[in-house]
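Asker: The following comprises the amino acid sequence and a computationally predicted model.
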Amino acid sequence: MIYVVDTHAIVWFLEGDARLSKAAYNALINIDAQLVIPTIVLAEITFLYAKHRVTIGLAEVIAYITSAENCVIYPLDETVIDHIPTSLDIHDAIIVATALVFRDVLEENTAVITKDGKIGTSGLVNVIW
């Protein structure tokens, strides 16, 4: 299973925040799953940390990603851009497009770990929360 991870999910996981759902937590600790972190998530973390809205900075997130054998960063490339749904805000659209690449191009069983209601109600991807 491929899990594309939204910003708040990885931040809340690393911060130990109680707002992270049990289902999201279980997906994030599943060593048999592959966690995919879109580059937009790293950009959002950088921004949120600079604005003091989260306590985990980019260095901590990168350290976690590089130490976890089942975690990768996925770039904003042409294939992702080709799959961007224009019905969502750009940040959410990039996350969803990354999931669409894994599902539709790479033919992987894929879900997005997110609490974002707009992603969930879009019907574009499976959501774990």
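Answerer: Nice, I can see it.
Asker: switch to C-alpha atoms for all contacts and neighbour counts from now on
Answerer: Noted.
Asker: Next up, the contacts around Pro85.
Answerer: Pro85 sits next to Ala93, Val96, Ala97 when contact means C-alpha atoms under 8 Å, 6 or more residues apart in numbering.
Asker: Dihedrals phi and psi, the residue nearest the centre of the chain?
Answerer: The chain has Val5 as the residue nearest its centroid, 1.9 Å off, counting by C-alpha atoms, centre = their mean. Per-residue torsions, Val5: phi -100, psi 130 (degrees, to the nearest 10).
Asker: how close does the closest residue to it other than its chain neighbours sit to Pro85?
Answerer: Among residues not flanking Val5 along the chain, Ile113 sits closest, at 5.0 Å (C-alpha to C-alpha, 6 or more residues apart in numbering). According to C-alpha to C-alpha, to the nearest Å, Ile113 stands 18 Å off from Pro85.
Asker: returning to what we had before: in helices, which of the contacts of Pro85 appear?
Answerer: Ala93, Val96, Ala97 (DSSP state H).
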